[in-house]
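>>> 3D model of this:
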Amino acid sequence: MKTIAIHATDIPVRIKPSVYPEPFASRMAGREKRQLGDFFGLNNFGVNLTRLAPGAISALRHSHTKQDEFVYVVQGNPTLHTNEGAIHLEPGMCAGFPAGAGNAANLSNDTDSDVLYLEIGDRTPGDEASYPDDDLQATLVDGKWQFTHKDGSLYD
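This is a model prediction of the structure:
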């Protein structure tokens with residue numbers, strides 16, 4: 001029988017810590033994702049319960065062309081980095097990033113305690129992500145991210 005309700009922390013942590021190619025994947029050390037949406041077989045949008053250890057970041061700062069993203073802070077005090085600068089968040093605060101707006105964002109944990117937050121995004125085919133601080137771009141092809149340098153050449 002399929003599980004219809006569970007404590008989110010009982011869902012296993014994603015085995016592969018990052019889908020980024022190196023040298024970017026190792027920058028995700030200290031981040032753990034529990035793929036809540038995948039656990040329940042959701043196809044149209046993803047939901048992750050993400051933990052950032054002290055010093056960890058959520059992702060490379062990025063924006064999407066077709067995917068809306070939303071984050072809700074459950075525990076801790078992450079810093080949200082956007083094109084406008086840094087904003088300190090606390091539990092109960094949320095942030096949203098409409099597709100195509102070009103506001104690149106990520107979270108960092110600059111504190112001595114864990115941060116726990118929900119991240120929600122849709123899975124629109126053909127989405128692209130840009131990374132203004134790094135030599136990286138991504139395209140969603142058949143449900144998987146393909147990463148290239150900004151000049152279009154592939155990562156090894």
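
>>> Report the separation between residue 81 and residue 43.
30 Å (Cβ to Cβ, to the nearest Å). C-beta: built from backbone N, CA, C; applies to glycine.

>>> Equivalent analysis for residue 52, please.
Going from residue 52 to residue 43 by Cβ to Cβ gives 27 Å.

>>> Those two - which one has more neighbours?
Between residue 52 and residue 43, counted using other Cβ atoms under 10 Å, residue 52 has the larger neighbour count: 24 against 9.

>>> okay but that one is in contact with residue 114, surely?
Yes - taking Cβ atoms under 8 Å as the definition, residue 52 is a contact partner of residue 114 at 6.8 Å.

>>> Now list whatever residues contact both of the two.
residue 76 (Cβ atoms under 8 Å, 6 or more residues apart in numbering).

>>> where in the chain is pLDDT low?
For the chain, the stretches flagged by pLDDT under 70 are 1.

>>> which residues in it form strands?
Along the chain, counting by DSSP state E, strands occupy 31-35, 45-52, 63-64, 69-75, 79-82, 85-88, 94-97, 106-108, 115-122, 128-130, 137-141, 144-148.

>>> right, so those: which one is the most enclosed?
Burial of those is given as mean neighbour count (mean count of other Cβ atoms under 10 Å); strand 63-64 ranks first at a mean of 22.

>>> and that one, what does it pack onto?
strand 128-130 (3 or more Cβ pairs under 8 Å, 6 or more residues apart in numbering; DSSP states H and E).

>>> Sheet-wise, list the partners of the strand it packs on with their directions.
strand 63-64 (antiparallel), strand 137-141 (antiparallel) (DSSP bridges).

>>> Mind putting these into a markdown table with distance to residue 101?
Formatted as a markdown table, the strands paired with strand 128-130 follow (distance: least, Cβ to Cβ, whole Å):
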| stretch | distance to residue 101 |
| --- | --- |
| strand 63-64 | 7 |
| strand 137-141 | 17 |
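
>>> Nearest to residue 2, out of those?
strand 137-141 (26.8 Å; Cβ to Cβ).

>>> residues making contact with stretch 126-146?
With contact meaning Cβ under 8 Å, 6+ apart, stretch 126-146 is reached by 19-21, 24, 60-67, 99, 102, 104, 123-125, 147-150.
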